[in-house]
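Participant: I would like to see how this sequence folds:
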Amino acid sequence: MHNELTEVDIKKMKEEIEYRTCVLRPELLKEVVRTRAFGDLSENAEYKIAKQEKNANERRIRFLTNMINTAVIVKVEGDENTVGLFDKVTVYVEEDDCEEEYMIVTTMRAEIFDNRISNESPAGKALLGRKIGERVTIQVNPSYSYDVIIRKIEKGTDDENIELR
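Facilitator: Residues are numbered from 1 along each chain as shown. Below is the predicted model of the structure:
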């Protein structure tokens, strides 16, 4: 499966790879060399931590590179009356009798604690392309779904200030 990403996502990921490769990698390697000199590696916690941080950086570089290489580029465009990527959507959740607001974003910028949901999540898939007043069933898994009614759509843009996850 390919992740749907925007040009801004790709740009931000390339910038992060550049930073991790050119700035962070040399710093982490220096720390590994410095802590290795402390002596006995079997009891050298600083060395183990330095190696873990270096390896985490390399994993992140590989992850971002893979995301870029396998991405499907999506355009941020849409009808003024329908839910699109980067729009804020206010929905009424019938079973909880409350309103919730979400911004639909790409996978790399989703953050549920900031009410940003992925366009590939069950809710994101269900809401995209829908209009105000529509009742939408969100199928969370084969045994659970719930209905929402779209109350408001605020059109958004692919804002570079939305951080990558």
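
Participant: tell me which strands the helix or strand bottoming out on mean pLDDT in the chain pairs with, and in which orientation.
Facilitator: When each helix and strand of the chain is scored by mean pLDDT, DSSP states H and E, strand 4-5 comes last, with a mean of 88. Strand 4-5 pairs in its sheet with strand 72-73 (parallel), by DSSP bridges.

Participant: tell me the helix or strand right after the partner strand.
Facilitator: Counting by DSSP states H and E, the next helix or strand C-terminal to strand 72-73 is strand 88-93.

Participant: buried sites along that following strand?
Facilitator: Neighbour counts over strand 88-93 (16 or more other C-beta atoms under 10 Å) mark 88-92 as buried. All C-beta atoms are positioned from the backbone trio N, CA, C, and that covers glycine.

Participant: quick check: mean pLDDT across that strand?
Facilitator: Strand 88-93 shows a mean pLDDT of 96.

Participant: which residue ranges of this protein form strands?
Facilitator: Shown for the chain, the strands assigned by DSSP state E span residues 4-5, 72-73, 88-93, 98-105, 116-118, 135-141, 144-154.

Participant: what sits against Asn81?
Facilitator: 131-132, 153 (C-beta atoms under 8 Å, 6 or more residues apart in numbering).

Participant: Lys75: which of those is nearest?
Facilitator: Ile153 (18.2 Å; C-beta to C-beta).

Participant: quick one: neighbours of the closest one, just the number.
Facilitator: Neighbour count of Ile153, defined by other C-beta atoms under 10 Å: 21.

Participant: so for whichever helix in the chain runs longest, what gets flagged as buried?
Facilitator: Using DSSP state H, we find that the single longest helix of the chain is helix 45-70. If you call a residue buried by 16+ other C-beta under 10 Å, then helix 45-70 has these buried ones: 47, 50-51, 54, 57, 61, 64, 67.

Participant: ok, now stretch 10-17?
Facilitator: 10, 12-13, 17.

Participant: likewise stretch 27-43?
Facilitator: Of the residues in stretch 27-43, 28, 31-32, 35 count as buried by neighbour count, 16+ other C-beta under 10 Å.
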